[in-house]
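1. Provided below for reference: sequence and predicted model.
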Amino acid sequence: MEKHTYQKNTAVNRVYKSRIFEMVFSDKKELLSLYNAANGTKYDDPEMLEVNTLENAIYLSMHNDISFVIDSRLTLYEHQSTYSPNLPLRYLMYISDLYSSMTRDENLYGPRKVLLPPPKFVIFYNGIEEQPDVQELRLSNVFQVPDDKPSLELRAVMLNINPGHNPQLLDNCKTLRDYSEYTARVRRYAENVSLSEAVEQAITECIKEGILSEFLSKNRTEAKKVSIYEYDEEKVMRMMRE
């Protein structure tokens with residue numbers, strides 16, 4: 001049996017702000033819960049996760065949110081508040097960097113196979129534009145000419161996690177449901193009060209109601225700053241699209 005040769009960690013200083021999604025699911029216990037909910041698995045040891053998130057941004061708004069290996073399988077998670085057909089292309093860049101890191105000490109010109117963990121690409125979407133519960137985005141969709149049998153393909157699944165969508169997924173992962181509810185409240189309140197007031201109100205209510213309460217209580221100041229940054233960035237991205 002050939003030995004798996006991938007590296008466990010890739011670490012470069014971040015040059016972009018963290019997101020609430022990343023902050024919440026940087027906890028291995030929460031990340032494992034999300035993985036189980038999305039895959040119908042029942043792993044119970046968070047230490048099985050080998051997190052290898054890319055921490056060097058190519059552009060300010062282009063970065064790999066969360067990636068990890070479990071049971072010899074590589075999973076890449078992205079959170080998006082704005083839909084983009086270019087997500088498979090971005091994933092191609094991420095997976096290339098990850099595989100390059102995993103095989104940096106291997107002889108890619110030798111006769112022995114260099115084994116790789118098979119990847120799975122998942123996008124958690126909670127933007128205001130209406131999107132179906134589940135859809136598949138393909139790299140071939142952005143090719144300049146149609147190709148019935150593309151030599152290179154990448155498939156990513158986009159899951160809508162807004163309230164009212166994918167109820168089974170949200171029921172199976174309370175933290176994901178809480179995250180969905182928290183971000184929805186920030187958006188709703190920001191329609192009537194300043195963004196800072198909206199975030200403060202959402203945080204206060206969620207802590208009282210047991211919605212992301214432990215995370216928000218421990219990280220209140222940082223969570224508020226990041227939420228304001230995220231909302232502003234989302235608004236700018238939406239204006240650019242329009």
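-> Looks like it came in fine. Residues are numbered from 1 along each chain as shown.
2. quick one: average confidence on whichever strand or helix holds Leu159?
-> Counting by DSSP states H and E, the element that carries Leu159 is strand 155-160. Taken as a whole, strand 155-160 has a mean pLDDT of 98.
3. name the helices or strands packed onto it?
-> helix 87-102, strand 119-125, strand 134-138 (3 or more Cβ pairs under 8 Å, 6 or more residues apart in numbering; DSSP states H and E). From N, CA and C alone the C-beta is placed, and that goes for glycine too.
4. hmm, who's touching the next helix or strand after it?
-> Remark: after strand 155-160, the chain's next helix or strand is helix 167-172, criterion DSSP H and E. Under the contact criterion Cβ atoms under 8 Å, 6 or more residues apart in numbering, helix 167-172 has outside partners 36-38, 159, 161, 176-177, 180.
5. let's see it at 10 Å
-> Outside helix 167-172, the residues that touch it by Cβ atoms under 10 Å, 6 or more residues apart in numbering are 33-34, 36-38, 40, 124, 133-134, 159-164, 166, 176-181.
6. hey, where'd the strands end up in this structure?
-> All strands of the chain, identified by DSSP state E, fall at 50-51, 66-70, 73-80, 119-125, 134-138, 155-160.
7. I'd like these as TSV, with mean neighbour count and distance to Arg112 appended.
-> Shown next, in TSV, are the strands of the chain (neighbours: other Cβ atoms under 10 Å; distance: least, Cβ to Cβ, whole Å):
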stretch	mean neighbour count	distance to Arg112
strand 50-51	16	22
strand 66-70	22	21
strand 73-80	20	20
strand 119-125	22	21
strand 134-138	14	32
strand 155-160	19	29
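8. how many residues are close by Ser96?
-> 10 (other Cβ atoms under 10 Å).
9. do the same with Leu116
-> 16.
10. just checking, it touches Leu98?
-> Yes - shown here, Leu116 and Leu98 form a contact pair, counting by Cβ atoms under 10 Å, at 9.4 Å.
11. of all the helices and strands packed on strand 155-160, which one comes closest to Phe215?
-> Proximity to Phe215 (Cβ to Cβ) singles out strand 119-125 among the helices and strands packed on strand 155-160, at 16.5 Å.
12. and the closest one, how far out from the chain's middle?
-> Computed by Cα atoms, centre = their mean, to the nearest Å, the chain-centroid distance of strand 119-125 equals 7 Å.
13. partner strands of it, with direction?
-> strand 73-80 (parallel), strand 155-160 (parallel) (DSSP bridges).
14. dump the longest one to PDB, keeping only the CA atoms.
-> Yep, that's strand 73-80 we're talking about. The C-alpha coordinates for strand 73-80 follow below in PDB (Å, rounded to 0.1, in the frame of the first residue of the first chain):
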ATOM      1  CA  ARG A  73     -10.200  13.400   1.700                       C
ATOM      2  CA  LEU A  74      -9.700  17.100   1.100                       C
ATOM      3  CA  THR A  75     -12.600  19.500   1.600                       C
ATOM      4  CA  LEU A  76     -12.600  23.200   0.600                       C
ATOM      5  CA  TYR A  77     -15.300  25.400   2.000                       C
ATOM      6  CA  GLU A  78     -16.100  28.900   0.800                       C
ATOM      7  CA  HIS A  79     -18.600  31.400   2.200                       C
ATOM      8  CA  GLN A  80     -20.100  33.800  -0.200                       C
END
